[in-house]
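J.: sequence and predicted model, in that order:
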Amino acid sequence: MKNEQISFSTQLKKIMKEKKITQQELADKIGVYQTMVSHWLRGIKNPTLTSLKKIADALEISVSCLIGEETNENNKEKIVLLKNKIEELEKQNKDLQIKVLKLENDNLKFALEKSKNS
């Protein structure tokens with residue numbers, strides 16, 4: 001249990017430092033006393049699940065990132081993968097649009113030829 005507390009407290013310290021947020025600012029954002037934030041940072045206590053969600057929201061990160069399951073590097077990799085997927089889908093969408101336009105063109109030509117022959 002102590003390892004989880006240290007891991008969480010270390011992660012929280014790191015994120016607060018990156019976000020340049022003080023203990024008091026975090027406490028104010030999530031509606032707790034500064035001493036509670038201090039206890040979390042020193043590994044004396046762990047936040048409740050509700051507080052964990054509020055902390056993550058206040059720091060604009062996921063709970064997974066807050067508890068050390070996700071890192072910024074993981075998120076960057078996910079963003080790159082999603083961007084690549086979006087680009088691929090856009091390409092497929094363009095290809096599909098071209099096919100639809102060609103079919104519509106063929107249908108119009110066919111209808112035009114049919115009307116000429118009538």
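T.: It's in.
J.: who's the closest spatial neighbour of residue 57, skipping the chain neighbours?
T.: In space, residue 57 comes closest to residue 30 once its chain neighbours are excluded; the distance is 8.0 Å by CB to CB, 6 or more residues apart in numbering. Using the backbone N, CA and C atoms, a C-beta is placed for each residue, glycine as well.
J.: residue contacts, residue 60?
T.: Contacts for residue 60 (CB atoms under 8 Å, 6 or more residues apart in numbering) come out as residue 19.
J.: do you know how far it is from residue 95?
T.: From residue 60 across to residue 95, the span is 37 Å (CB to CB, to the nearest Å).
J.: and what of residue 29?
T.: Computed as CB to CB, the residue 29 to residue 95 distance reads 47 Å.
J.: neighbour count winner among the two?
T.: Legend: neighbour count by other CB atoms under 10 Å for residue 29 and residue 95, higher for residue 29 (14 against 10).
J.: chain neighbours aside, what residue packs nearest to the more buried one?
T.: residue 58 (3.9 Å).
J.: domain assignment for this protein?
T.: Following automatic domain parsing, one gets these domains for the chain: 2-66, 71-118.
J.: dump the ones you listed to CSV, plus mean pLDDT.
T.: Below are these laid out as CSV (pLDDT from 0 to 100):
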stretch, mean pLDDT
domain 2-66, 90
domain 71-118, 83
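J.: looking at those, which is buried most?
T.: domain 2-66 (a mean of 15; mean count of other CB atoms under 10 Å).
J.: residues contacting the residue nearest to residue 67 when sequence neighbours are not counted?
T.: Using CB to CB, 6+ apart and skipping residues adjacent in sequence, the residue nearest residue 67 is residue 8, 6.0 Å away. Contacts for residue 8 (CB under 8 Å, 6+ apart) come out as 40, 43, 46-47, 66-68.
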